[in-house]
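Trainee: sequence isn't available, so here's the structure alone:
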Ligand SMILES: C[N+](C)(C)CCCC[C@H](N)C(=O)O
Ligand SMILES: O=C(O)CCC(=O)C(=O)O
Ligand SMILES: [Fe+2]
């Protein structure tokens, strides 16, 4: 412990072997310094995060304390640091204890410097050189460590494969259920489609599709896309994959103000279908790039030039700048070295992070049948966290 003389705020000091703190009451807020980074704590926040049995149910991990009845001018009557714990005694006698490590980890200043989700951004070379092996159906279905490895790859790269899956809709459903829950949409729970224009969308044709994310017209776009090509008797139809975050980070490096504009301006996407069997009118509103406000980390890209709707959510002076920014992002997304081309064949199931990796396809001839589904993002990430992965 290394007390700091004459300060009226608590400070946390850290060395490589131990965390040291010096603590004093401050009128406004305690301050902790961790590896040279000052971290400030608000007293109401500290009371609100009290982990004592009457404030927090550690069996359910839920707060029992009624935050709405806290005095917002609350100050402790005394504070001390004992055995690596900050101990605060509140008026009325309630005692709150916080380990200094917990405080450092959970502070705003601490979270600001770490990634919510570590990722490896890629272009075609980076991905190919990483030589990620696909999971194999048998082991994947029976062995948890194989599922964990698959999820780790998925989290890092935003794509992951399972090989040797029987070429049926049923087996495709089984392989996705091993990972998570299926998100039912207007396209069905499991879908299997060919170029028959059974739905009012270009996907149901033989035309090429430029890189895009799906369901950008949902208020919350689907988190994961699963594809399994059950048969193709013809040519073409290769799948294009592009890491949207790799491209967006290039834009951030070259032109931070254009990156910021694409984060700030919400735009509309739309899906209108009016066929005999299907009536839909969906709109989703949100920016092309989405970052967490506290650490500026990207968490979602919405990019679908087909489904982008009328642009009327920004004033005249912004619109020109928006098109410039959008063009710069498009240029990055279209660099040939960023394109990963894969031929999906029967047996090979691909999982794509639809909040990060764009997909597209070459035009094709012949009968081509593709099946798949969307997965609920929350459940996929939850499955990963239950394996101890950072997601
Ligand atoms: C995948 N599946 C064929 C079911 C649906 C395709 C949806 C196509 C739509 N334009 C979009 O990009 O969201
Ligand atoms: O046909 C394909 O390979 C993909 C089409 C597509 O973009 C989609 O179904 O979302
Ligand atoms: Fe698509």
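Mentor: Nice, thanks for sending it over. Computed from a prediction, not measured in an experiment: that's the story for all the values here. Numbering: from 1, shown residues only. Ligands and ions are numbered 1, 2, ... in the order given.

Trainee: do you know the pLDDT at residue 284?
Mentor: pLDDT recorded at residue 284 is 98.

Trainee: does it count as helix, strand or coil?
Mentor: The local conformation at residue 284, judged by DSSP: H, G, I helix; E, B strand; the rest coil, is strand.

Trainee: list the beta-bridge partners for it.
Mentor: Beta-bridge pairing for residue 284 (DSSP bridges): residue 269.

Trainee: counting neighbours, what do you get for it?
Mentor: Neighbour count for residue 284, taken as other C-beta atoms under 10 Å: 21. C-beta coordinates here come from the backbone N, C-alpha and C atoms, glycine included.

Trainee: so what's it up against?
Mentor: Counting by C-beta atoms under 8 Å, 6 or more residues apart in numbering, residue 284 touches 215-221, 268-270, 302.

Trainee: likewise for residue 205?
Mentor: By C-beta under 8 Å, 6+ apart, the neighbours of residue 205 are 195, 197.

Trainee: pLDDT score for it?
Mentor: Value listed for residue 205 in the pLDDT field: 95.

Trainee: does the helix or strand hosting residue 359 reach ligand 1?
Mentor: In the assignment (DSSP states H and E), residue 359 maps to strand 357-361. No. Figure legend: strand 357-361 not in contact with ligand 1 (C-beta under 6 Å from any ligand atom); closest approach 9.2 Å.

Trainee: got the contact list for stretch 290-298?
Mentor: Contacts of stretch 290-298 (C-beta under 8 Å, 6+ apart): 108, 111-117, 245, 248-249, 263, 289, 299-302, 356.

Trainee: sitting in helices, which of those do you find?
Mentor: The members of the contacts of stretch 290-298 that map onto helices under DSSP state H are 108, 111-112, 245, 248-249, 263.

Trainee: residue numbers of the stretch 1-150 of the chain in contact with ligand 2?
Mentor: Residues of the stretch 1-150 of the chain lying near ligand 2 (C-beta under 6 Å from any ligand atom): none found.

Trainee: what are the ranges of the strands in the stretch 1-150 of the chain?
Mentor: Per DSSP state E, counting those that start in this stretch, the stretch 1-150 of the chain carries strands over the ranges 11-14, 19-22, 31-34, 37-40, 56-57, 62-63, 78-82, 85-89, 95-99, 135-136.

Trainee: picking that back up, among the ones in helices among the contacts of stretch 290-298, the buried ones, what's the PyMOL command?
Mentor: Buried residues among these (16 or more other C-beta atoms under 10 Å), as a PyMOL selection:
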select buried, resi 245+248+263
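
Trainee: pretty sure residue 77 contacts residue 90?
Mentor: Yes. Under the criterion of C-beta atoms under 8 Å, residue 77 makes contact with residue 90 at 6.7 Å.

Trainee: neighbour count for the two, which is higher?
Mentor: Neighbours per residue (other C-beta under 10 Å) separate residue 77 from residue 90, with residue 90 holding more: 19 against 11.
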